[in-house]
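Chemist: here you go, sequence then predicted model.
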Amino acid sequence: KAGVTQTPRYLIKTRGQQVTLSCSPISGHRSVSWYQQTPGQGLQFLFEYFSETQRNKGNFPGRFSGRQFSNSRSEMNVSTLELGDSALYLCASSLAGPETQYFGPGTRLLVL
Amino acid sequence: AQTVTQSQPEMSVQEAETVTLSCTYDTSESDYYLFWYKQPPSRQMILVIRQEAYKQQNATENRFSVNFQKAAKSFSLKISDSQLGDAAMYFCAYSWPFQGAQKLVFGQGTRLTINP
């Protein structure tokens, strides 16, 4: 089975712009979660989607949003980018509930 | 609130020796999962081992084993016969079923160096 894929792998944006990141889960996995990783804050949970519904959300401002499509692929969007949004964004998928999450390679976002 | 603490920011071990990474967590839940993930320089997060809280037997995966002490809320990872490829950041993580949803809470990580 193919693993979790994320596109793009690298992205450079300027402050004020918006960005959309994409994640394709492992085939058959219906839960997709997003995490932000920074040197200062470590790994932080953004949100989780299951069957096109957001089931869980972390403590991030409304500029961070996501969605999931009927094929379980997910996108996350960050609007009005700030310098502090520079991070590695990791996507993870699992079958349905709180079982093992499998991670993608991440998207490295740099905001200038 | 659920928290995960890794008290060792860095560890080093000689190749072929054994090393133990520590992790403690705080929770009021009785049903939960614990994980160790490895993140090499490529930044790909790789699952090392998983433990269900209801299982008393410690999980083992080849050279990797855990010491799960539920009452003490401790979950340490032992790596036997360390290899150069084991060098990475290791993250302890906790997950619990909340209305079917899930999220992982991570510790701050331990950077493991393998000395040849």
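Modeler: Structure's in. What do you need?
Chemist: got any ranges where chain A has weak pLDDT?
Modeler: A:97-98 (pLDDT under 70).
Chemist: could you look up the SS state of B:K78?
Modeler: Three-state call for B:K78 (DSSP: H, G, I helix; E, B strand; the rest coil): strand.
Chemist: so it bridges to which residues?
Modeler: For B:K78, the beta-bridge assignment (DSSP bridges) gives partners B:T20, B:S65.
Chemist: report the contact partners of it.
Modeler: By Cβ atoms under 8 Å, 6 or more residues apart in numbering or on different chains, B:K78 lies in contact with B:T18, B:V19, B:T20, B:L21, B:F64, B:S65, B:V66, B:N67. C-betas here are computed from N, CA, C, even on glycine.
Chemist: most neighbours among the residues you listed, please name it.
Modeler: B:V66 (25 neighbours; other Cβ atoms under 10 Å in any protein chain shown).
Chemist: identify the residue nearest A:Y10 in space, chain neighbours excluded?
Modeler: A:R108 (5.1 Å; Cβ to Cβ, 6 or more residues apart in numbering or on different chains).
Chemist: the one you found: how many residues sit nearby?
Modeler: A:R108 has 16 nearby residues by other Cβ under 10 Å.
Chemist: ramachandran angles for it?
Modeler: phi -90, psi 120 (degrees, to the nearest 10).
Chemist: for the residue nearest the centre of chain B, list each beta-bridge partner.
Modeler: With distances taken as Cα atoms, centre = their mean, B:W36 lies nearest the centre of chain B, 3.0 Å away. Beta-bridge partners recorded for B:W36 (DSSP bridges): B:I49, B:C92.
Chemist: so who does it touch?
Modeler: B:W36 neighbours (Cβ under 8 Å, 6+ apart): B:21, B:23, B:47-50, B:64, B:66, B:75, B:77, B:90-93.
Chemist: for B:L77, see how far away it is.
Modeler: 5 Å (Cβ to Cβ, to the nearest Å).
Chemist: try A:C23
Modeler: Distance, A:C23 to B:L77, by Cβ to Cβ: 28 Å.
Chemist: who does the helix or strand of chain B with the lowest mean pLDDT touch, helix- and strand-wise?
Modeler: Lowest on mean pLDDT, DSSP states H and E among the helices and strands of chain B sits strand B:104-106, with a mean of 91. When contacts are defined as 3 or more Cβ pairs under 8 Å, 6 or more residues apart in numbering or on different chains; DSSP states H and E, strand B:104-106 sits against strand A:42-50, strand B:3-5, strand B:88-95.
Chemist: low-confidence ranges in chain B?
Modeler: Ranges of chain B meeting pLDDT under 70: B:99-101.
Chemist: can you pull the contacts of A:R30?
Modeler: A:R30 neighbours (Cβ under 8 Å, 6+ apart): A:F50, A:S51, A:S72, A:L95, A:A96.
Chemist: so how many other residues sit close to A:L81?
Modeler: Neighbours of A:L81 (other Cβ under 10 Å): 19.
Chemist: no wait, B:A1
Modeler: 6.
Chemist: quick check: closest non-adjacent residue to it.
Modeler: B:D26 (7.7 Å).
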